[in-house]
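K.L.:
no letters, just coordinates:
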């Protein structure tokens with residue numbers, strides 16, 4: 001059952017995304033709770049957050065009306081992989097693999113067109129940057145991968161005719177462009193490889209053009225088992241590549257319109273793992289996380305850091321120094337002057353000022369994005 005309550009101060013307001021940080025303590029989370037039907041949202045949009053309790057497996061999804069300060073809170077008894085898709089939040093129930101979705105009005109239901117079954121399990125999914133379309137992969141009982149794509153509400157649903165690799169490798173979705181025009185996927189993903197520490201790694205990235213149903217092998221693929229990202233319009237393909245046998249990482253930039261490419265040289269940081277690569281819409285900025293080797297001796301602590309890449313200037317620098325917190329970049333904000341990052345341990349959301357390196361916690365919860373409400 002959902003509840004209607006005043007928004008906890010730990011939630012991130014939209015003004016944060018415009019450069020104004022509001023910090024306060026959590027107070028009276030469930031205070032003044034009234035039925036969700038008692039007052040309709042006033043704003044034409046809601047900001048969406050998730051608070052998880054990993055120990056219990058429970059979570060709460062917050063749909064926050066930024067004008068009234070009220071939030072509809074949807075309790076989830078068992079869920080992970082929370083993703084904003086169109087006008088709802090999609091997630092997986094890890095105990096049975098069922099895919100669910102939750103709405104700003106408090107409704108919760110099994111996802112109608114993305115479902116696991118006894119003979120076909122849903123593995124991974126990606127959304128377009130505007131969250132209006134989604135691509136996902138299912139693997140059947142014989143280990144055969146099936147890739148599908150649809151608009152967020154189920155329109156234009158189709159299976160993509162990708163040839164499945166031999167098990168145990170699978171198809172893995174990498175990116176989907178706005179307008180659902182191009183789908184990028186790893187044709188040789190090994191979910192059990194574990195060769196890149198805590199980060200997902202893609203081996204052989206291909207493109208599928210939905211307009212003409214044509215496949216294209218991207219230049220210099222297969223590459224290393226490294227991270228990859230694509231701009232929302234599919235113009236630039238950005239790939240990490242090993243500068244040495246075990247890091248650091250060069251950044252390889254490909255213009256998919258002209259097949260021109262160049263390399264941004266790695267800094268001298270002896271970190272063997274890298275991933276969670278994000279690129280801005282203009283294709284001028286990127287960021288990714290790096291990690292040290294796991295502790296070799298008792299008392300050692302794995303270190304994490306965050307890299308910033310100025311693609312236009314062809315430079316990459318350490319923007320967050322090494323520490324014990326695993327920060328992952330989410331998206332560039334404030335016209336590229338800041339980066340939204342998540343602490344993977346606590347789920348807290350931070351704003352990183354790229355001009356001075358200042359890191360400020362703006363929410364105790366994980367910020368998913370914004371849903372535009374129907375008129």
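P.N.:
Good, I have the coordinates. Just so we're clear, the structure is a prediction, and the values are computed from it rather than from any experiment.
K.L.:
could you pull out the strands for the stretch 151-300 of the chain?
P.N.:
158-160, 170-176, 182-189, 205-209, 214-217, 228-230, 236-242, 249-255, 260-264, 273-279, 285-291 (DSSP state E, counting those that start in this stretch).
K.L.:
and for the stretch 1-150 of the chain?
P.N.:
Under DSSP E, counting those that start in this stretch, the stretch 1-150 of the chain gives strands at 3-6, 45-53, 58-65, 70-76, 80-85, 88-93, 98-102, 108-110, 120-127, 133-140, 145-151.
K.L.:
how about those strands, which one is nearest residue 360?
P.N.:
Among the strands of the stretch 1-150 of the chain, strand 45-53 comes nearest to residue 360, with 16.7 Å by Cβ to Cβ. The way it works is simple: take the backbone N, C-alpha and C, and place the C-beta from them, glycine included.
K.L.:
tell me the mean pLDDT over the closest one?
P.N.:
Across strand 45-53, pLDDT averages out at 94.
K.L.:
equivalent analysis for stretch 61-70, please.
P.N.:
88.
K.L.:
can you check stretch 146-156 too?
P.N.:
For stretch 146-156, the per-residue pLDDT averages 97.
K.L.:
in that stretch, what counts as buried?
P.N.:
146, 147, 148, 149, 150, 152 (16 or more other Cβ atoms under 10 Å).
K.L.:
do stretch 260-267 as well
P.N.:
264, 266, 267.
K.L.:
which ones are touching the last one?
P.N.:
If you count contacts by Cβ atoms under 8 Å, 6 or more residues apart in numbering, residue 267 has them with 248, 307, 316, 317, 318.
K.L.:
what's the burial count for the first one?
P.N.:
This means residue 248. Applying other Cβ atoms under 10 Å, we find 20 residues neighbouring residue 248.
K.L.:
run through the protein and note the low-pLDDT ranges.
P.N.:
Applying pLDDT under 70 to the chain flags the ranges 1-43.
K.L.:
run through who's touching stretch 274-283.
P.N.:
129, 196-201, 226-233, 235-236, 238, 240, 247-249, 253, 285-291, 307, 311, 328-332, 336.
K.L.:
buried stuff in it?
P.N.:
Those would be 274, 275, 276, 277, 278, 279, 280, 281, 282, 283, for stretch 274-283 by 16+ other Cβ under 10 Å.
K.L.:
which among those residues gets closest to residue 46?
P.N.:
Minimum distance to residue 46 across those is 22.6 Å, recorded for residue 281 (Cβ to Cβ).
K.L.:
where does the closest one fall, phi/psi-wise?
P.N.:
Dihedral pair for residue 281: phi -60, psi -30, per degrees, to the nearest 10.
K.L.:
how much space separates it from residue 138?
P.N.:
Computed as Cβ to Cβ, to the nearest Å, the residue 281 to residue 138 distance reads 30 Å.
K.L.:
mind listing what residue 110 touches?
P.N.:
Applying Cβ under 8 Å, 6+ apart, the residues near residue 110 are 98, 99, 100, 101.
K.L.:
run the last query once more with 7 Å
P.N.:
98, 100 (Cβ atoms under 7 Å, 6 or more residues apart in numbering).
K.L.:
who does residue 333 bridge with?
P.N.:
residue 338 (DSSP bridges).
K.L.:
what's the burial count for it?
P.N.:
For residue 333, using other Cβ under 10 Å, the count is 18.
K.L.:
residue 252 now?
P.N.:
Residue 252: 20 neighbours (other Cβ under 10 Å).
K.L.:
burial of the closest residue to it other than its chain neighbours, as a residue count?
P.N.:
Distance criterion Cβ to Cβ, 6 or more residues apart in numbering; nearest residue to residue 252, sequence neighbours excluded, is residue 239 at 4.5 Å. Residues within reach of residue 239, counting by other Cβ under 10 Å, total 26.
K.L.:
what's across from residue 239 in the sheet?
P.N.:
Beta-bridge partners for residue 239, by DSSP bridges, are residue 228, residue 252.
K.L.:
for it, what are its contacts?
P.N.:
Residue 239 neighbours (Cβ under 7 Å, 6+ apart): 223, 226, 228, 252.
K.L.:
state the pair within the buried residues of stretch 146-156 that is farthest apart.
P.N.:
Farthest pair in the buried residues of stretch 146-156, by Cβ to Cβ: 146 and 152, 19.6 Å.
K.L.:
picking up where we left off before, want to throw the contacts of residue 239 into TSV with distance to residue 207?
P.N.:
Formatted as TSV, the contacts of residue 239 follow (distance: Cβ to Cβ, whole Å):
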residue	distance to residue 207
223	14
226	17
228	11
252	16
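K.L.:
just the residues you listed now: which is nearest residue 156?
P.N.:
residue 228 (24.7 Å).
K.L.:
which residues touch the closest one?
P.N.:
174, 202, 205, 238, 239, 277.
K.L.:
mind running it again at 10 Å?
P.N.:
Applying Cβ atoms under 10 Å, 6 or more residues apart in numbering, we find residue 228 in contact with 174-175, 184, 186, 200-203, 205, 218, 221, 237-240, 252, 275, 277, 279.
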